[in-house]
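Asks: fold the following.
(chains A, B, C and D)
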Protein chains: 2
Amino acid sequence: MTTDTLSPVFSALADPTRRAILLRLMDGDASVSELGAPFAMSQPAVSKHLRVLEGAGLISRSRVATARYSHLEAKPLEQANEWMQQYKQFWNEGFDKLDAALADYLKENPS
Amino acid sequence: MTTDTLSPVFSALADPTRRAILLRLMDGDASVSELGAPFAMSQPAVSKHLRVLEGAGLISRSRVATARYSHLEAKPLEQANEWMQQYKQFWNEGFDKLDAALADYLKENPS
DNA sequence: ATACTATAGAACCGTTCGGTTATGAAAACT
DNA sequence: AGTTTTCATAACCGAACGGTTCTATAGTAT
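Replies: Here you go, the predicted model:
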């Protein structure tokens, strides 16, 4: 069993609200109410999103008085990033084709 | 309106079968039955996965005789990658902390 | 024309998702 | 001690997901 760790990460990233929360956390740790403020949704909905992010390892949480602070954890993002880097060659391919076209052009039209 | 294009991409990547299909497509275009062969699932299930990938722009499709060939399209992967690059600084942070800890250690234990 | 091959589409099913409202718990304030 | 603030949990709901089976379609081959 390979205990798929990437799926929950991509799944968490699939929601725009959660992506926005992660971006917000780049500016520093924040409480549930702070994180939820920009969104037109109930507090439990925000809590649910945070639980998903925590489940994917994308955030860790700690208590400060009554508040629960979320902290960005970037390792899963790094793993997901590494997975995608496999395709780097493919999104350079476009440029390669352009280069080839340019080479052909120069061959027929010597400068 | 921002017409969220990242969500369908991450959503498509959240399934291990679909990620495997994308990896397979790095070796070249392939028919539905070829793509489905490694998996213990019905043909319509594979077709569904391909539709999801196509909907996210991750593959394009063409007909050759009765077969339908899938072709890897890396631009959405690149976009998703770009989104994640925002966090690059964060997954270097760990090393920074390690470096700091090492510096502290060396200060107290001069070599 | 007939039959076969490769794939898509429709209908269905149980589970998960993203949201809601209502309620409970823990720490802080007075 | 009682109230307020901050958050979590539970129960519910409709929609989407990942799979199935059964059927239809479009080319190929005979």
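
Asks: ranges for the helices of chain A?
Replies: A:6-13, A:16-25, A:32-36, A:43-55, A:75-85, A:88-108 (DSSP state H).

Asks: nearest to B:N81, out of these?
Replies: Comparing the helices of chain A by their distance to B:N81 (C-beta to C-beta), the top pick is helix A:75-85, with 4.7 Å. Quick note: C-beta positions are derived from backbone N, CA and C, even for glycine.

Asks: check which helices and strands that closest one is in contact with.
Replies: Under the contact criterion of 3 or more C-beta pairs under 8 Å, 6 or more residues apart in numbering or on different chains; DSSP states H and E, helix A:75-85 touches helix A:6-13, helix B:75-85, helix B:88-108.

Asks: average model confidence for it?
Replies: Averaged over helix A:75-85, pLDDT sits at 95.

Asks: who touches it?
Replies: A:5-6, A:9-10, A:13, A:22, A:56-58, B:19, B:77, B:80-81, B:84-85, B:87-88, B:90-91, B:94 (C-beta atoms under 8 Å, 6 or more residues apart in numbering or on different chains).

Asks: quick one, it and helix A:6-13 angle?
Replies: Calculated by axes from the mean of the first three to the mean of the last three C-alpha atoms, to 10 degrees, helix A:75-85 forms an angle of 100 degrees with helix A:6-13.

Asks: how far is stretch A:43-56 from where the chain is centred?
Replies: In this view, stretch A:43-56 has its centroid 15 Å away from the chain centroid, taken as C-alpha atoms, centre = their mean, to the nearest Å.

Asks: sorry, wrong one. I was asking about stretch A:65-79.
Replies: 13 Å.

Asks: which of the contacts of helix A:75-85 count as buried?
Replies: Neighbour-count burial (16 or more other C-beta atoms under 10 Å in any protein chain shown) applied to these gives A:6, A:9-10, A:13, A:22, A:56-58, B:19, B:77, B:80-81, B:84, B:87, B:90-91.

Asks: farthest pair in those?
Replies: Most distant of the buried ones among the contacts of helix A:75-85, by C-beta to C-beta, are B:R19 and B:F90, 23.5 Å apart.

Asks: for A:Q43, what are its contacts?
Replies: Per C-beta under 8 Å, 6+ apart, neighbours of A:Q43: A:32-33, A:36.

Asks: which residues does A:M41 contact?
Replies: A:M41 neighbours (C-beta under 8 Å, 6+ apart): A:T17.

Asks: mind checking pLDDT for it?
Replies: Taking A:M41 on its own, its pLDDT is 97.

Asks: what's the distance between it and B:L25?
Replies: Note on A:M41: its distance to B:L25, by C-beta to C-beta, to the nearest Å, is 37 Å.

Asks: cool, and A:K48?
Replies: 34 Å.

Asks: cool, and A:E82?
Replies: Taken as C-beta to C-beta, the span from A:E82 to B:L25 is 19 Å.
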